[in-house]
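> I need the structure of the sequence given here:
(one chain, ligands or ions: 3)
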Amino acid sequence: MIATKAYAAKAASAPLAPFQLERQDVGPNDIQIEIQYCGVCHSDIHQVRDEWGGSKFPMVPGHEIVGKIIKVGDAVTKFKVGETAGIGCFVDSCRHCPSCLAGEEQYCDFGMVGTYNSRYKDGTPTYGGYSDQIVVDENYALHISDKLPLEGVAPLLCAGITTYSPLMTWKIGKGHKIAVVGLGGLGHMAVKFGVALGAEVTVLSTSASKKEDALKLGAHHFVVTKNEDEVKEVANTFDFILNTISAQHEYDFYLQMLKLDGTMVLVGIPPEAPQVSAFNLIGKRRRLAGSMIGGIKETQEMLDYCAENGIVSDVEVINIDYINEAYERMLKNDVRYRFVIDMSSLK
Ligand code: NAP
Ligand code: ZN
Ligand code: ZN
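Ligands and ions are numbered 1, 2, ... in the order given. Model (predicted):
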């Protein structure tokens, strides 16, 4: 076993604190990564605080992981020692169901093995990236280009792929009017991708103070959702809305902004069950859909696209002992736009 330093929550009510864990030894198909940066996703907060139910403690969160490979198993063919690798939201899946065979492991019929708050096939708990190293099967790791600053790449492993994937699924590009709801970790990546793909992008935000940032990110329009006049103007106008809101809100408020045949895709996961008016959907043949991260194949494609197009996340790098404060700031919408932990602060 490999002694590993980490930060963990011992219970839903407990703050994160230093924790020691044991990683499994490097098997024939595994790579061992010394973690350099790990992004802080709002899903970490939902799970640490058991807002979705079923959380497993102690919990070491973190699924936006990048670092250097320090060891590879005898049968590894895709990675070499010294290369940079990334790990996203899952570390295994059944590998034989239709979703896995299609490279959409996140939709595995038997449930993906989450990077943390989950169990490996042998029943042992998984621990995430708020730690100094991780051992993962090479088939669930990503190649990271050295063209981009690594701290800005880390959030691509969740915030990046979660926003890229639905834009690809719905074939968003030139000629589409799209809206991004919520300018946070996911939202700011959605704006970057939407603009890069040639869509006309509107940000729908509760925070008037983010307008300048949104326009700098490339958004064409900014609507403060508390401003009734601005909201009226965008009724029936969007082909596509990507909803990244993390807290309870009215889906109908945004659905009425879709034009005929428009689709709103939920990626945000508020703990509360949504209420939706059938009238709001049938009135313009609107669609409400969801999307979850992305498979290994598409995640690699997204990382390569980012390397080619110079796309990274806008980050505030923090030391690990700042993590509890970072969570409080995220809950107040006070992050521009992703906290990323410098894991050398754990040494
Ligand atoms: P985040 O950085 O905290 O951003 C969330 C944004 O939502 C905020 O910046 C804020 O934007 C807006 N918001 C917050 N509370 C709101 C409220 N009460 N009403 C309206 N808007 C509100 O979070 P994140 O890391 O981007 O994650 C967003 C959500 O996506 C979380 O629920 C997370 O669990 C989920 N997620 C899902 C997937 C997936 O695979 N589907 C993957 C990763 C994360 P404004 O200030 O602009 O209003
Ligand atoms: Zn995430
Ligand atoms: Zn499967």
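> In the stretch 51-200 of the chain, what residue comes closest to ligand 2?
Closest contact between the stretch 51-200 of the chain and ligand 2, by Cβ to the ion, is at Cys158 (3.3 Å). For glycine as for every other residue, the C-beta is placed from the backbone atoms N, C-alpha and C.
> Can you name the residues that contact that residue?
39, 41, 43, 63-64, 88-89, 293 (Cβ atoms under 8 Å, 6 or more residues apart in numbering).
> And the residue of the stretch 151-300 of the chain that's closest to ligand 1?
Nearest residue of the stretch 151-300 of the chain to ligand 1, counting by Cβ to the nearest ligand atom: Gly184, 1.8 Å away.
> Counting neighbours, what do you get for that residue?
Per other Cβ atoms under 10 Å, the neighbour tally for Gly184 reads 24.
> Give me the pLDDT for it.
Looking at Gly184, its pLDDT reads 98.
> Looks like it contacts Thr244 (just checking).
Yes - judged on Cβ atoms under 8 Å, Gly184 makes contact with Thr244 at a distance of 6.3 Å.
> Identify the residue nearest Cys108 in space, chain neighbours excluded?
Excluding the flanking residues, the one nearest Cys108 by Cβ to Cβ, 6 or more residues apart in numbering is Ser93, at 3.9 Å.
> so what's that neighbour up against?
Ser93 neighbours (Cβ under 8 Å, 6+ apart): 99-100, 105-106, 108, 110-113.
> pretty sure Met168 is in a helix, no?
Yes - counting by DSSP: H, G, I helix; E, B strand; the rest coil, Met168 is found in a helix.
> got the residues of this protein near ligand 3?
By Cβ under 5 Å from the ion, the residues of the chain that approach ligand 3 are 93-94, 97, 100, 108.
> Check these and tell me the two furthest apart.
Largest separation among the residues of the chain next to ligand 3 by Cβ to Cβ: Ser93 and Cys97, giving 7.9 Å.
> Check the contact lists of the two and give me the overlap.
Common contacts of Ser93 and Cys97 (Cβ under 8 Å, 6+ apart): 108, 110.
> Just the CA trace of stretch 197-214, in PDB.
Extracted C-alpha coordinates of stretch 197-214, given in PDB (Å, rounded to 0.1, in the frame of the first residue of the first chain):
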ATOM      1  CA  LEU A 197     -17.700  27.300 -31.400                       C
ATOM      2  CA  GLY A 198     -19.200  30.400 -33.000                       C
ATOM      3  CA  ALA A 199     -22.500  30.700 -31.200                       C
ATOM      4  CA  GLU A 200     -24.100  33.900 -30.000                       C
ATOM      5  CA  VAL A 201     -23.800  33.700 -26.300                       C
ATOM      6  CA  THR A 202     -25.900  35.400 -23.600                       C
ATOM      7  CA  VAL A 203     -25.100  35.000 -19.900                       C
ATOM      8  CA  LEU A 204     -28.100  34.900 -17.500                       C
ATOM      9  CA  SER A 205     -26.800  35.800 -14.100                       C
ATOM     10  CA  THR A 206     -28.000  36.800 -10.600                       C
ATOM     11  CA  SER A 207     -24.800  38.800 -10.100                       C
ATOM     12  CA  ALA A 208     -24.800  42.200 -11.900                       C
ATOM     13  CA  SER A 209     -21.100  42.500 -10.800                       C
ATOM     14  CA  LYS A 210     -20.100  39.800 -13.300                       C
ATOM     15  CA  LYS A 211     -21.100  41.600 -16.400                       C
ATOM     16  CA  GLU A 212     -17.700  43.000 -17.300                       C
ATOM     17  CA  ASP A 213     -16.100  39.600 -16.800                       C
ATOM     18  CA  ALA A 214     -18.800  37.900 -18.900                       C
END
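> Which of the three states applies to the nearest residue to Lys68 once chain neighbours are set aside?
What sits nearest to Lys68 in space, not counting adjacent residues and going by Cβ to Cβ, 6+ apart, is Glu34, at 5.1 Å. Judged by three-state DSSP, the three-state class of Glu34 is strand.
> Isn't Pro271 up against Gln47?
No - using Cβ under 8 Å, Pro271 makes no contact with Gln47, being 10.6 Å away.
> Among the two, which residue is more densely surrounded?
A count of neighbours by other Cβ under 10 Å puts Gln47 above the other of Pro271 and Gln47, at 24 against 13.
> number of nearby residues for whichever residue of the stretch 1-150 of the chain sits closest to ligand 1?
Of all residues in the stretch 1-150 of the chain, His42 sits closest to ligand 1, at 3.1 Å by Cβ to the nearest ligand atom. Neighbours of His42 under the rule other Cβ under 10 Å: 24.
> Can you read off the pLDDT for it?
Per-residue confidence (pLDDT) for His42: 98.
> show me the contacts for the nearest residue to it once chain neighbours are set aside.
Using Cβ to Cβ, 6+ apart and skipping the chain neighbours, the partner closest in space to His42 is Ser246 (4.6 Å). By Cβ under 8 Å, 6+ apart, the contact set of Ser246 is 42, 46, 182, 184, 268-270.
> shouldn't the residue of the stretch 1-150 of the chain closest to ligand 1 be in contact with Thr162?
No - counting by Cβ under 8 Å, His42 stays clear of Thr162, with 10.8 Å between them.
> Quick check: neighbours shared by the two?
Applying Cβ under 8 Å, 6+ apart, one finds that His42 and Thr162 are jointly contacted by Leu186.
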